[in-house]
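Trainee: Need the 3D shape of this:
(one chain, ligands or ions: 2)
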Amino acid sequence: MASTPKRALELLIAAPRGFCAGVDRAIRIVELAIEKYGAPVYVRHEIVHNKFVVDTLRAKGAIFVEELDEVPDGVPVVFSAHGVPKAVPAKAAERGLSYLDATCPLVSKVHRQAERLVASGRHIVFIGHAGHPEVIGTFGQVPEGSMTLIETVADVAKFEPRDPNILSFLTQTTLSVDDTAEVVAALQAKYPAIQAPRGEDICYATSNRQAAIKAIAGACDAVLVIGAPNSSNSLRLVEVAERQGIPAQLIQRASELHWGFLDGVKTLGITAGASAPEQLVRELIDRLAERFDVTEREVETTQETIAFKLPRGLEAAA
Ligand code: 2E6
Ligand code: F3S
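Mentor: Ligands and ions are numbered 1, 2, ... in the order given. From the prediction side, this is the model:
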């Protein structure tokens, strides 16, 4: 008996998507640390927010912990791409631990700006998401009380600075470009003298991935984002699609997809957060091709060529 033909499904695949230069570098640091020191190598916090990446590195000899206290004496430790408060490397040095810092250079850049601003007597308004490790790390660069967290436009209204004339703002690297513009506009309306960062703090990868999904979402009936629920930049991609009225879902990998989500969908948009491996995008497309007659079209809004150097001492092993 002839089988029923598969239903057609057009895939619009956003580019850029997936790994950014900071994630590439962080993963490589863990791999090279294992090669150099031998297993186990401890990693403080998920090196990047992706279970597949973490499980793959665990299989190679990485041990993931949340706090430095959990790292035994005498073993090397890597700090995650999201950055750490200053107290963490200080404590590691005090214990005589060898440590490698996989903080993304673009997060470190914000850390240095924060230090510089506070040293020059400014109070920092930091736009970010409470509890996120990058926010904890950035707050940990400056003395307590010298930085205030603002998450929303409503927070701007509630904010009562001691001295409105010494304000500067900085942001988390993985925020929504559009939401942040609204928060910044509210800050500038309330405090016209507030100083903006020298360059944009939202990183190139975050803004490029948001622009890429924005460009295709309107032509899609639904959007799937590969990424983890604790990945800030991935969550923002879901929001970008939803803002255009397009149903969007975040899935860690193909096995999490509820097929009912694709009922009536003729054109499906696909993207991946900066910490999601391309292998998981391929896996999703292959799984879709088993059920549908898929056609793939990649829509590239910009090309990325940026790469970051490895820390000294590891580049020789690369
Ligand atoms: C470090 C800084 C920014 O949750 P978030 O999006 O920050 O993190 P990941 O691990 O999902 O993405 C990479 C990253 C690392 N982004
Ligand atoms: Fe860095 Fe941005 Fe990636 S801050 S880790 S380049 S998402």
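Trainee: per-residue confidence for the residue nearest the centre of the chain?
Mentor: In the chain, the residue lying closest to the centroid (CA atoms, centre = their mean) is Asn233, at 4.3 Å. Model confidence at Asn233, given as pLDDT, is 98.
Trainee: so it makes contact with Thr271?
Mentor: No: if you go by CB atoms under 8 Å, Asn233 and Thr271 don't touch, sitting 10.8 Å apart. The C-beta positions use only the backbone N, C-alpha and C, and glycine is treated the same way.
Trainee: Could you work out the end-to-end span of stretch 294-314 for me?
Mentor: Separation of the first and last residues of stretch 294-314 by CA to CA, to the nearest Å is 43 Å.
Trainee: Any idea which residue of the chain lies closest to ligand 2?
Mentor: When scored by CB to the nearest ligand atom, the chain has Gly22 as its residue closest to ligand 2, at 2.4 Å.
Trainee: average pLDDT for whatever helix or strand that residue lives in?
Mentor: Secondary structure from DSSP states H and E places Gly22 in helix 21-37. Average pLDDT, helix 21-37: 98.
Trainee: That helix and ligand 1 in contact?
Mentor: Yes: contact of helix 21-37 with ligand 1 (CB under 6 Å from any ligand atom) involves Gly22, Val23.
Trainee: what's the span of stretch 196-207 from first residue to last?
Mentor: 18 Å.
Trainee: Any residue of it touching ligand 2?
Mentor: Yes: shown here: stretch 196-207 in contact with ligand 2 (CB under 6 Å from any ligand atom) through Cys203, Ala205, Thr206.
Trainee: Can you verify the last one is assigned to a strand?
Mentor: No: counting by DSSP: H, G, I helix; E, B strand; the rest coil, one finds Thr206 to be helix, located in no strand.
Trainee: outside of the helix or strand Gln210 falls within, which residues touch it?
Mentor: Using DSSP H and E, Gln210 sits in helix 204-217. Here helix 204-217 makes contact (CB atoms under 8 Å, 6 or more residues apart in numbering) with 12, 14-17, 20-22, 106, 173-177, 200, 223, 225, 233, 236-237, 240-241, 244, 246, 248, 269, 271, 273-274, 299-302, 304, 306.
Trainee: any idea of the mean pLDDT for that helix?
Mentor: If you average the pLDDT over helix 204-217, you get 98.
Trainee: and that helix with helix 21-37, angle?
Mentor: 130 degrees (axes from the mean of the first three to the mean of the last three CA atoms, to 10 degrees).
Trainee: for helix 204-217, the distance to its chain's centre please.
Mentor: A distance of 13 Å separates the centroid of the chain from that of helix 204-217, by CA atoms, centre = their mean, to the nearest Å.
Trainee: In it, which residues are buried?
Mentor: Neighbour counts over helix 204-217 (16 or more other CB atoms under 10 Å) mark 204-210, 212-217 as buried.
Trainee: For Leu11, give the beta-bridge partners.
Mentor: Beta-bridge partners of Leu11, counted by DSSP bridges, are Leu268, Glu296.
Trainee: Tell me who's in contact with it.
Mentor: Taking CB under 8 Å, 6+ apart, we find Leu11 in contact with Thr267, Leu268, Gly269, Ile270, Ile285, Leu288, Val294, Thr295, Glu296, Arg297.
Trainee: picking up where we left off before, any idea which helix or strand comes after the helix holding Gln210?
Mentor: Sequence order places strand 222-226 as the next helix or strand after helix 204-217, per DSSP H and E.
Trainee: Sheet-wise, list the partners of that following strand with their directions.
Mentor: Assessed with DSSP bridges, strand 222-226 is paired to strand 248-251 (parallel), strand 267-272 (parallel).
Trainee: Kindly compare burial across those strands and name the winner.
Mentor: Highest mean neighbour count of the strands paired with strand 222-226: strand 267-272, a mean of 24 (counted as mean count of other CB atoms under 10 Å).
Trainee: and it, anywhere near ligand 2?
Mentor: No: using CB under 6 Å from any ligand atom, we find that strand 267-272 stays clear of ligand 2, coming within 11.9 Å at best.
Trainee: elements contacting whichever helix or strand comes after that strand?
Mentor: Sequence-wise, the next helix or strand downstream of strand 267-272 (DSSP H and E) is helix 278-291. Judged by 3 or more CB pairs under 8 Å, 6 or more residues apart in numbering; DSSP states H and E, helix 278-291 is in contact with strand 7-15, strand 222-226, strand 267-272, strand 292-300.
Trainee: okay if I get those strands as a markdown table plus mean pLDDT and distance to Gln113?
Mentor: Compiled in a markdown table, the helices and strands packed on helix 278-291 are given as follows (pLDDT from 0 to 100; distance: least, CB to CB, whole Å):
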| stretch | mean pLDDT | distance to Gln113 |
| --- | --- | --- |
| strand 7-15 | 98 | 30 |
| strand 222-226 | 99 | 30 |
| strand 267-272 | 99 | 29 |
| strand 292-300 | 98 | 31 |
